[in-house]
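Participant: What shape does this take:
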Amino acid sequence: MNEEYFEIITRDGLTLHSKKWTVENPIACICIIHGFGEHLERYNHVAEFFNSISLNVYSYDLRGHGKSTGRRGHSKKYEFLMHDIEEILVTAREDFTDLPIFLMGHSFGGNQVANYMLRDQSKEISGVILSSPWLRLAFEPPTSKVKLAKIMNNIFPGYRENTDMEVAHLSKDEKVVDAYSNDPLVHNQLSAGLFLSIYESGIWAIDNASKMTVPTLVYHGAEDKIISHDGSKEFAENANDNVSFQSLKNVYHEPHNDIEKDEVFKMLGDWIKKLIS
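Facilitator: Sure thing, here's the model as predicted:
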């Protein structure tokens, strides 16, 4: 396995801190879009798993996250997030022109990946993985907060508030929770503009799931108290036969970081191998 850092310059001039994990004789590539408030280094063990089944892995710190530039927890336009996904896919395709490419998104990353695929209708992607995608919150946000976000979006879209996320809901593994709590690259700031974009694009993705044209695996922890398990299920139910849904019993928000992660990795490996066999 070889690890290499590189930079992506976005169309609007930001710098995305990026990384690739490559192996000899790869059979495919996978690009991972991480969740809100975190960064790519939290996926080192996920990349190692994909490397173990001969996949090259690409990822980047989202704009306003990790070591990438940009206002923490904010994007001026949701479309810029779509452009950023396009850039990492172009990088992977330029490096390995003939390999199948998979696209995976967790939580907020799953929201982006779902919207990217539904809007772009890309024929370049061999398969999509949505891990606990943020399509709906596990709780209905207070009407007052939604109204405030809409007001501030018109006045100052970059206005931010603390997400007040309960870190213990990420995983049953206390080491994961402790590491997250003490990670200097993690943040909990979410802007009014980005919140509205996520909120609206999640609902739009559920309503337009039937437009998904490539094989897609959606999975979600049944005990997720952060992002709605039923939102993912509804997405899959609205989709066509290309989309399959797996409800993960007793699993919290981060299946790849929960106690059952080995079972999750096996599920991913079996699904990918079946598609490219």
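Participant: Just the local confidence number for the residue nearest the centre of the chain, please.
Facilitator: Centroid-nearest residue in the chain: Gly109, 2.0 Å away (criterion: C-alpha atoms, centre = their mean). Reported pLDDT at Gly109 in the predicted model: 98.
Participant: Now stretch 222-241: buried residues?
Facilitator: For stretch 222-241, a neighbour-count test (16 or more other C-beta atoms under 10 Å) marks 223-229, 231-236, 238-239 as buried. In this view, the C-beta of every residue, glycine as well, is placed from N, C-alpha and C.
Participant: if I read this right, Val177 contacts Ala168, doesn't it?
Facilitator: Yes. Applying C-beta atoms under 8 Å, one finds Val177 in contact with Ala168, separated by 5.6 Å.
Participant: neighbour-wise, which of the two wins?
Facilitator: Between Val177 and Ala168, Val177 has the larger neighbour count (other C-beta atoms under 10 Å), namely 19 against 13.
Participant: For the helix or strand containing that one, give the mean pLDDT please.
Facilitator: Taking DSSP states H and E as the definition, one finds Val177 inside helix 174-181. Averaged over helix 174-181, pLDDT sits at 98.
Participant: Please name every helix or strand in contact with the strand or helix carrying Ala92.
Facilitator: In this structure, Ala92 sits in helix 78-95 according to DSSP H and E. Secondary-structure packing of helix 78-95 (3 or more C-beta pairs under 8 Å, 6 or more residues apart in numbering; DSSP states H and E): strand 2-9, strand 15-22, strand 28-33, strand 55-60, strand 101-106, helix 108-120, helix 192-207.
Participant: Save these as CSV, and put in distance to Asp262 too.
Facilitator: Shown next, in CSV, are these (distance: least, C-beta to C-beta, whole Å):
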stretch, distance to Asp262
strand 2-9, 22
strand 15-22, 19
strand 28-33, 18
strand 55-60, 17
strand 101-106, 17
helix 108-120, 21
helix 192-207, 29
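Participant: can you tell which of these is closest to Gly66?
Facilitator: Between Gly66 and the helices and strands packed on helix 78-95, the shortest gap by C-beta to C-beta is with strand 15-22, which sits at 5.9 Å.
Participant: what about this structure, any weak spots by pLDDT?
Facilitator: Within the chain, the ranges that satisfy pLDDT under 70 run 141-160.
Participant: if we go to 80?
Facilitator: By pLDDT under 80, the low-scoring segments of the chain are 1, 121-123, 139-163.
Participant: host element of the residue nearest to Gln189 when sequence neighbours are not counted?
Facilitator: Excluding its sequence neighbours, the residue lying closest to Gln189 (C-beta to C-beta, 6 or more residues apart in numbering) is Gly73, at 3.9 Å. Using DSSP H and E, Gly73 maps to neither a helix nor a strand.
Participant: What count of nearby residues applies to Gly73?
Facilitator: Residues contacting Gly73 under the criterion other C-beta under 10 Å number 24.
Participant: Against Gly193, how distant is it?
Facilitator: The gap separating Gly73 from Gly193 is 10 Å, by C-beta to C-beta, to the nearest Å.
Participant: Same question for Asp224.
Facilitator: 25 Å.
Participant: Then Phe139?
Facilitator: Separation of Phe139 from Gly193 (C-beta to C-beta): 21 Å.
Participant: partners of Ser247 in the sheet?
Facilitator: Per DSSP bridges, residues listed as beta-bridge partners of Ser247: His220.
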